[in-house]
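[1] got a sequence here, can you build the structure:
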Amino acid sequence: MKALLSRLLLFALVLPAHTLSAQPAPIDLLAPTHGIKSAAEIDREWQASVAKYDGTRRAILAEVDRGANDGPYRADWETLRNYQIPQWYADAKFGIFIHWGVLSVSGIVNEWYPRNMYQQGDPAFKAHIEKYGTQDKVGYKYLIPLFKAEKWDPADWARLFKQAGARYVIPVAEHHDGFAMYDCSLSDWSAVKMGPKRDLIGDLSRAVRDEGLHFGVSFHRAEHDWFFDGGRTFRSDVNDPKYASLYGPAHTWLNDPAQVLMNDWTYVSAEFTDDWLARAAELATKYKPDVMYFDWWIGQPNYRPKVTRFAAYYYNYAARNHIPAVINIKDYALDWHAGARDFERGMKEDIEPQHWQTDTSISNISWGYLEHDEFKTPEFLVHQLVDIVSKNGNLLLNIGPRPDGTIHDEVRATLLEMGGWLKQNGEAIYDTTPWKVYGEGPTKVEPGFGHDKDTKPYTAHDVRFTAKGDKLYSILMAWPANGKATIHALGSAQQAQGMKIISVELLGSTAKLEWKQSDTELEVALPAAPIGKYAYALRISTAKTEK
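    Numbers count the residues shown, from 1 in each chain. Predicted structure coming up:
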């Protein structure tokens, strides 16, 4: 026995002192998790973080299943392809898009700041550290109290949009960052519970509708599945399961820029897409939007069954409640017959037979607020609107207000300039349809994503056409230096063949215009000085010629 005690004492003497008294090392909840935790484990942490709302979510999903089978549509594309775009939307031509929220607080880089502040090597990563601190100590969640909207006046916004000539307004109800700008019953992270502590979407919807405008919402939560994935690659608060309900699963985004969205292999759980569906359905029933706008990632294969259920639910709900509803679909995300196609920052070369929309930002840099920004000019935007409408489309123009709720003076001035132009020339824009050809002239737009700002300046030889009843509108994109508008398509042997011109008038002017038509062209003598600015609309009254 003594020998055993001696050996034990000797063993204790040779061990390091800290070994005998050591406690388990505390777990670093902020430590990197990329490549350490599995996708399923990460997703289970997110599921646990939102489990308190499981009952509410189940109840909403049950209502979705009932509503998706109560009306003219079912959760299949065979019935959804029978959808018809409401006339108000085809006639509206011009809407306002709004990116605003916690993403506006920094005023740095662009609206993807919440993601890029966790992307090592991105300018936002370094800028965040310099302005606020490191991401383990000052994560995105710390910016929420700085989003106060303390100067926001929704009625002022609505009046401005009405004066700008817009006919519908679509604020982002939730961006990729996962912060709800509305009264969400499935999240703790909302403007009602934090930051401004008010229902921003609800307040704006009432103000917009009071001005007689249509109201829609934009819902970008699909991308939230992976938006904060950079935070998992280094020590940051994204790794802490305590905040998974804000940062989402933050799965690795397995995108390949050379591949289409159908080949995206990012992990998306059924639980996450169920949550997406429940939140989208709540938005539709709580705010009764005329437009539901979705960003591109709802076309990711894992979302398609839930998107199909939502479309049937929303359109059936709208039919029962007399809501003239439309879903905005990014150009490749869903079947084009089930809504209105939207081409982000993209233009079309010719008339599209199905009504479409371009969404672009008044800023050339960002969709959200920037401290130092570059804005498109009123002339550029008027020309863009005219070109889009001539090709059977709408322009949805985005603004990025400050976090306090105010709008940049230059943005206000541009919107009012557009409104002034539409007050004079709106007859040639609203409620019109395309003519036989969209226009003529040397200036062509460059189609495709991101090229909307690349159009060269228009000339006096560039003309765009719209039509309404027996009226044809020829919109001159610049004032002819010689005071004569020459329009080749309106020659009696050209596209105007079989059309009798009765009169030609310049919108905004009472001057009697002299004109003459030949086989090859219509020539119009204009007033000595331009009436208005940017673009000039001729109203041409017509009749069919007798055979």
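[2] would you point out the helix or strand in the chain whose mean pLDDT is lowest?
    helix 2-14 (a mean of 40; mean pLDDT, DSSP states H and E).
[3] which parts of the stretch 1-150 of the chain are helices?
    2-14, 17-21, 39-49, 54-67, 77-80, 87-92, 113-116, 123-131 (DSSP state H, counting those that start in this stretch).
[4] make that the stretch 351-500 of the chain, sorry
    Going by DSSP H, counting those that start in this stretch, the stretch 351-500 of the chain shows helices at 378-390, 409-425.
[5] for His461, find the nearest of those.
    helix 378-390 (13.8 Å; Cβ to Cβ). Backbone N, C-alpha and C define where each C-beta goes, glycine included.
[6] just give me the neighbour total for Tyr247.
    29 (other Cβ atoms under 10 Å).
[7] wait, doesn't it sit right on Pro241?
    No: using Cβ atoms under 8 Å, Tyr247 is not in contact with Pro241, being 9.8 Å away.
[8] what distance do you get for the closest residue to Leu415 other than its chain neighbours to Leu395?
    Nearest non-adjacent residue to Leu415, counting by Cβ to Cβ, 6 or more residues apart in numbering: Ala164, 3.8 Å away. Per Cβ to Cβ, to the nearest Å, Ala164 is found 11 Å from Leu395.
[9] more neighbours, these two?
    Under the criterion of other Cβ under 10 Å, the comparison of Ala164 against Leu395 puts Leu395 first, with 26 against 21.
[10] that one: what's it in contact with?
    93-95, 357-358, 360, 381, 384-385, 388-389 (Cβ atoms under 8 Å, 6 or more residues apart in numbering).
[11] next one: Thr443
    Per Cβ under 8 Å, 6+ apart, neighbours of Thr443: 455-459, 462, 477.
[12] of the residues you listed, buried ones?
    Buried members of the contacts of Thr443, counted by 16 or more other Cβ atoms under 10 Å: 455, 458, 462, 477.
[13] where is pLDDT lowest across those?
    pLDDT across those is lowest for Thr455, at 88.
[14] counting neighbours, what do you get for the closest residue in space to that one that isn't next to it in sequence?
    Nearest non-adjacent residue to Thr455, counting by Cβ to Cβ, 6+ apart: Val445, 4.9 Å away. Counted with other Cβ under 10 Å, residues neighbouring Val445 total 19.
[15] before we move on, what about Trp421?
    Trp421, neighbours per other Cβ under 10 Å, totals 25.
[16] how far away is it from Tyr73?
    Distance from Trp421 to Tyr73, by Cβ to Cβ: 39 Å.
[17] wait, isn't Ser245 in contact with Cys184?
    No: with contacts defined as Cβ under 8 Å, Ser245 does not count as touching Cys184, sitting 11.4 Å away.
[18] okay, the two: which has more neighbours?
    Cys184 (24 against 21).
[19] what residues are up against the nearest residue to that one once chain neighbours are set aside?
    If the residues on either side of it in the chain are set aside, Cys184 comes closest to Ser190, at 4.7 Å by Cβ to Cβ, 6+ apart. For Ser190, the residues meeting the contact criterion (Cβ under 8 Å, 6+ apart) are 179-184.
[20] same thing with Tyr168?
    89, 92, 95-96, 213-216, 290-291.
[21] can you tell me which of these are in strands?
    Per DSSP state E, strands hold the following members of the contacts of Tyr168: 95-96, 214-216, 291.
[22] what number of residues lie near Pro145?
    Neighbour tally, Pro145, other Cβ under 10 Å: 11.
[23] surely it meets Lys193?
    No: at 11.9 Å, Pro145 and Lys193 do not qualify as touching, with contact defined as Cβ under 8 Å.
[24] so how far is Gln120 from the residue lying closest to Lys436 once chain neighbours are set aside?
    The shortest distance from Lys436 to any non-neighbouring residue, by Cβ to Cβ, 6+ apart, is to Gln495 (4.8 Å). According to Cβ to Cβ, Gln495 stands 57 Å off from Gln120.
[25] so which of the two has more stuff around it?
    Gln495 (16 against 11).
[26] got a list of what the more buried one touches?
    Contacts of Gln495 by Cβ under 8 Å, 6+ apart are 435-437, 489.
[27] circling back: from the contacts of Ser190, which ones fall inside helices?
    Per DSSP state H, helices hold no members of the contacts of Ser190.
[28] please, where are all the strands along the stretch 301-450 of the chain?
    Here the stretch 301-450 of the chain has its strands, by DSSP state E, counting those that start in this stretch, at 326-330, 340-344, 356-361, 393-399, 439-440.
[29] would you list those in a markdown table and tack on distance to Leu526 and mean pLDDT?
    Converted to a markdown table, these look like this (distance: least, Cβ to Cβ, whole Å; pLDDT from 0 to 100):
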| stretch | distance to Leu526 | mean pLDDT |
| --- | --- | --- |
| strand 326-330 | 39 | 94 |
| strand 340-344 | 34 | 94 |
| strand 356-361 | 30 | 97 |
| strand 393-399 | 26 | 98 |
| strand 439-440 | 17 | 98 |
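[30] Ile129 is nearest to which of these?
    Across those, closest to Ile129 is strand 356-361 (Cβ to Cβ), at 27.0 Å.
[31] give me whichever of the helices of the stretch 351-500 of the chain is most buried.
    helix 378-390 (a mean of 24; mean count of other Cβ atoms under 10 Å).
[32] what sits up against it?
    Against helix 378-390 from outside (Cβ under 8 Å, 6+ apart): 93-94, 347-348, 351, 358, 360, 362, 376, 394-395, 397, 413-414, 417-418, 421, 429, 432, 434-435, 438-439, 445, 452-453, 455, 458, 464-466, 475, 477, 533-535.
[33] fine by me, we can end here.
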